[in-house]
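Participant: the following block contains a protein sequence and its predicted model.
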Amino acid sequence: MLSLVIPTYNEAESLPILLPRLQEALKGIPHEIIIVDDDSPDGTWHKAEELQAFFPTLRVIRRRGERGLSSAVVAGFKAARGEILAVMDADGQHDASLLKTFVETVQVRRGVAVASRYISGGSTGQWNMRRTLLSRVGTKITTLLCHLSVHDPMSGFFAIDRSLFERIVPHFHPRGFKILFDLLMRLPRGTPVSEIPYTFAPRAVGVSKLSLRVQWDFIFSLFALFFERWARVAWAFFLLLFIGLGIFLSARAWNLRLLVLNPQVRERAKLAFESLSNTEGWLISDLSLRAVSQTRLEMIYHPHGRAPSPAKCIRVNLDYFGWIPCDAL
């Protein structure tokens with residue numbers, strides 16, 4: 001059975017137009033239609049309840065104190081009884097005739113079927129240049145940041161196998177109005193995703209919900225999902241960096257351990273620095289210790305920021321503070 005979830009907010013005028021189209025498109029397909037309404041001020045939930053008398057497969061869920069398309073879809077999926085779950089908008093902009101193809105595709109491949117505007121045969125319809133550009137740019141950014149191969153990851157018209165959704169839902173915390181890319185980010189590797197072309201139709205009644213706030217919510221959720229997805233990689237990188245740095249510093253600390261453990265060596269090392277500075281004219285700040293033993297120091301002399309003079313390694317005898325190059329025999 002197909003469970004078609006339709007999230008609504010102020011769509012009371014759209015339902016009497018949409019439901020007859022769905023009834024025609026779903027002839028011969030066992031189904032239920034679930035309206036999930038966010039307590040619309042225009043009484044969409046009430047209108048849907050009135051229409052139940054004419055559409056016996058219609059169910060209505062009225063949410064109070066909750067708002068958001070993505071969470072409404074999840075609420076509908078959880079309440080659904082079908083083995084195939086689908087979602088579409090109530091405004092008539094999605095082609096209801098594709099639902100049969102959705103059912104056939106998911107039954108065969110047991111994955112996800114997506115209605116796409118951006119594959120051959122698909123179109124954004126009558127959108128103006130500004131909206132088309134914004135959608136294209138948003139889609140490109142989404143696919144690049146999230147490494148998705150789907151051409152239209154922000155489509156609001158798709159279907160998914162119920163068992164697949166149930167595997168995802170424990171880790172699924174949808175945000176905003178673009179539930180599909182949230183879902184795609186959590187699909188198990190190798191899940192089949194089929195794209196079906198469609199043309200985005202103009203809205204018949206009502207007004208678009210694509211406000212500036214909705215667009216900002218999408219941008220925020222996109223980057224939140226990106227960092228969530230790559231958080232483990234980042235943690236692994238910093239952990240390896242921390243371990244490498246720890247090994248390097250531990251080796252350095254081991255070579256210099258006598259400066260802490262042996263007061264006599266520490267005092268002799270201090271005198272060696274002062275003697276080299278006085279006899280050779282070297283600045284103490286140009287000397288750095290590399291290793292310490294009971295009888296000698298190994299250090300690097302590097303005159304920072306002055307005449308071109310390469311760094312050199314020297315060994316200093318702690319008995320008389322004389323020095324020789326490290327590579328001397």
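Facilitator: Yes, it's here.
Participant: low-confidence stretches in the stretch 151-300 of the chain?
Facilitator: Along the stretch 151-300 of the chain, the parts satisfying pLDDT under 70 run over 173-178, 206-237.
Participant: do a quick rundown of the strands in it.
Facilitator: For the stretch 151-300 of the chain, the strands defined by DSSP state E, counting those that start in this stretch cover 158-161, 193-197, 287-292, 296-301.
Participant: pick the most deeply packed of those strands.
Facilitator: Comparing the strands of the stretch 151-300 of the chain by mean neighbour count (mean count of other C-beta atoms under 10 Å), strand 158-161 ranks first with a mean of 26. C-beta: built from backbone N, CA, C; applies to glycine.
Participant: can you list the strands that it pairs with?
Facilitator: Applying DSSP bridges, strand 158-161 is found paired with strand 84-87 (antiparallel), strand 112-116 (antiparallel).
Participant: quick one: distance of the longest one to the chain centre.
Facilitator: Centre-to-centre, strand 112-116 and its host chain are 20 Å apart (C-alpha atoms, centre = their mean, to the nearest Å).
Participant: coming back round to it: nearest approach to residue 150 belongs to which of the strands paired with strand 158-161?
Facilitator: strand 112-116 (6.2 Å; C-beta to C-beta).
Participant: what angle separates the closest one from strand 193-197?
Facilitator: Comparing the axes of strand 112-116 and strand 193-197 via axes from the mean of the first three to the mean of the last three C-alpha atoms, to 10 degrees yields an angle of 30 degrees.
Participant: report the mean confidence score over strand 112-116.
Facilitator: Average pLDDT, strand 112-116: 93.
Participant: got the contact list for that strand?
Facilitator: 94-95, 98, 101-102, 105-106, 122, 150-152, 155, 157-161, 164, 180, 183-184, 187, 191-198 (C-beta atoms under 8 Å, 6 or more residues apart in numbering).
Participant: quick one, domains of this protein?
Facilitator: Here the domain parsing of the chain from automatic domain parsing is 2-232, 258-325.
Participant: could these go into a markdown table alongside distance to residue 239?
Facilitator: Compiled in a markdown table, these are given as follows (distance: least, C-beta to C-beta, whole Å):
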| stretch | distance to residue 239 |
| --- | --- |
| domain 2-232 | 10 |
| domain 258-325 | 28 |
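Participant: right, and these - which one's nearest residue 248?
Facilitator: Closest to residue 248 of the domains of the chain, according to C-beta to C-beta: domain 258-325, at 12.9 Å.
Participant: got the end-to-end distance for the closest one?
Facilitator: One end of domain 258-325 sits 22 Å from the other (C-alpha to C-alpha, to the nearest Å).
Participant: can you tell me the strand partners of the helix or strand encompassing residue 60 and which way each runs?
Facilitator: Element membership for residue 60 (DSSP states H and E) is strand 58-62. Paired neighbours of strand 58-62 in the sheet (DSSP bridges): strand 31-37 (parallel).
Participant: average pLDDT across the partner strand?
Facilitator: Computed over strand 31-37, the average pLDDT equals 97.
Participant: just to revisit the earlier point, which other residues reach the strand holding residue 60?
Facilitator: Strand 58-62 is contacted from outside by 19, 32-37, 39, 45, 48-49, 51-52, 75-76, 79, using C-beta under 8 Å, 6+ apart.
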